[in-house]
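Asker: below are the sequence and a predicted model; questions follow.
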Amino acid sequence: MTTKQGVFLGCGLALAAALVLGGGIFFFVMRLTGPMADTGDLFMTALQNQRYGEATAMCTASLQADLESKGGLEVLMQRYKVRPTKWSYSSRSVKSSVGEVSGSATHADGSSRNLRLTFSRSGDDWKVNGFQFD
């Protein structure tokens, strides 16, 4: 084997190792944050379809109480013209039993806003602990 062939072989092996490691990390992160993001999707779909009771049921007890003190989720969503039609997450994080997704959402009025959902894990379930559209 020539030196040139050895360099190419070494670079090829390093690239293959990086791809395998990167794929493993991606799989691990998706597995760790997937159930939380799924809860976020269900919450956003409920908002999209104006099923506010269903969306509220996906929230922690403390957020439900806070929403009730402000007139309920429906009142807040109408006041701030929040009605997502599509959304995507560009960032996901989990630390112990709390997590967050952030990204962007397009709303029925055509506006695009930043999106942030925070979560708390209760047993095997994730609950929405806060949300922000700005």
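Answerer: Yes, it's here.
Asker: Three-state assignment for the closest residue in space to residue 124 that isn't next to it in sequence, please.
Answerer: For residue 124, ignoring the flanking residues on the chain, the nearest one in space by Cβ to Cβ, 6 or more residues apart in numbering is residue 35 at 7.9 Å. C-beta here means a position set from N, CA and C on the backbone, and glycine is covered the same way. Secondary structure for residue 35, judged by DSSP: H, G, I helix; E, B strand; the rest coil, is helix.
Asker: what's the burial count for residue 35?
Answerer: The local packing count at residue 35 equals 16, with neighbours defined by other Cβ atoms under 10 Å.
Asker: helices along this protein, start to end?
Answerer: For the chain, the helices defined by DSSP state H cover 3-48, 52-57, 61-69, 73-79.
Asker: kindly state the beta-bridge partners for residue 120.
Answerer: Beta-bridge pairing of residue 120, defined through DSSP bridges, involves residue 98, residue 127.
Asker: give me the most central residue, the chain.
Answerer: Nearest to the mean C-alpha position of the chain, counting by Cα atoms, centre = their mean, stands residue 101 at 3.3 Å.
Asker: got a list of what that one touches?
Answerer: Listed by Cβ atoms under 8 Å, 6 or more residues apart in numbering, the contact partners of residue 101 are 33, 36-37, 40, 89, 91-92, 115-117, 119.
Asker: pLDDT wise, what is it at?
Answerer: pLDDT, residue 101: 97.
Asker: and the gap between it and residue 79?
Answerer: Distance of residue 101 to residue 79, given as Cβ to Cβ, to the nearest Å: 23 Å.
Asker: of the contacts of residue 101, which pair is most distant in space?
Answerer: Spanning the widest gap among the contacts of residue 101 are 33 and 115, at 15.3 Å by Cβ to Cβ.
Asker: in stretch 117-124, what's buried?
Answerer: Neighbour-count burial for stretch 117-124, counted by 16 or more other Cβ atoms under 10 Å, picks out 117-121.
Asker: now the contacts of residue 101: which count as buried?
Answerer: Neighbour-count burial (16+ other Cβ under 10 Å) is assigned, among the contacts of residue 101, to 33, 36-37, 40, 89, 92, 115-117, 119.
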